[in-house]
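A.B. asks: Okay, sequence plus prediction incoming.
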Amino acid sequence: MSGISEVGRGCKRSRRPTSGATESAMLRDVAKLAMSTAAQMRLVKAAAVQTLMFPSSSNLVKAGHEAGVRYSADVKARSGGKTLPPPHTLIFAALLQATVLDPSLPAADTTAVAPFVSSLH
C-alpha cells in the first residue's frame, strides 16, 4: 500500500520549518499587497461614484425636496398602517419627472429620460 496508511488516509508530509526571516518577508509582502489592493479599490470607487452638485435654486433640487416633504406627510398620515416604498425611490422618480418637465434642459436629455418616466406610472 504505497502512500496510503492502513486506516485509509494519505500519508502526511511534514512541513518544512520556516525561518524567522522568511516569515517576516512573507508578512511584509502580504502587507504590501493589501495596501496595493486598497489603493486600487479606492481608484475604482472614485471612478464609479461621482458627486454631482446642483444649486439649491435648481428645479431638480426643488422637485426632490417636494417629494421628500410629500413622503414625510404620507408617513405621518398612515402612522405605520401601510408600508411605503423607500423614500429615495420616490425622490428619484420625482427627479426624473422634473427632468422631463424642465424646459431649460436640452431636448436630447428630455427624450432620453421620457421612457423611464412613462414606466413609473
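C.D. replies: Noted; the coordinates are in hand.

A.B. asks: pLDDT wise, what is residue 85 at?
C.D. replies: For residue 85, the pLDDT comes out at 85.

A.B. asks: Assumed residue 22 was part of a strand.
C.D. replies: No. Assessed with DSSP: H, G, I helix; E, B strand; the rest coil, residue 22 is helix; it does not lie in a strand.

A.B. asks: can you count the residues close to it?
C.D. replies: 11 (other C-beta atoms under 10 Å). For every residue, glycine as well, the C-beta is placed using N, CA and C.

A.B. asks: begin at 196 from here
C.D. replies: Done: numbering now begins at 196, and the last item shifts to residue 217.

A.B. asks: how near is it to residue 223?
C.D. replies: Going from residue 217 to residue 223 by C-beta to C-beta, to the nearest Å gives 11 Å.

A.B. asks: And for residue 278?
C.D. replies: 53 Å.

A.B. asks: after the helix or strand harbouring residue 272, next one along is what?
C.D. replies: For residue 272, the element it lies in under DSSP states H and E is helix 254-273. Next in sequence after helix 254-273, counting helices and strands by DSSP H and E, comes helix 282-296.

A.B. asks: re earlier: out of residue 278 and residue 223, which sits in the more crowded spot?
C.D. replies: A count of neighbours by other C-beta under 10 Å puts residue 223 above the other of residue 278 and residue 223, at 10 against 7.

A.B. asks: Now do the same for that one: its pLDDT.
C.D. replies: 90.

A.B. asks: Next, the buried residues of the helix or strand where it lies.
C.D. replies: Using DSSP H and E, residue 223 sits in helix 215-243. Going by neighbour count (16 or more other C-beta atoms under 10 Å), nothing in helix 215-243 comes out as buried.

A.B. asks: what does stretch 248-261 give?
C.D. replies: For stretch 248-261, by 16+ other C-beta under 10 Å, it's 254-255, 258-259.

A.B. asks: Can you name the residues that contact the residue nearest the centre of the chain?
C.D. replies: Nearest residue to the geometric centre of the chain (C-alpha atoms, centre = their mean): residue 244, 8.3 Å. For residue 244, the contact set (C-beta atoms under 8 Å, 6 or more residues apart in numbering) is empty.
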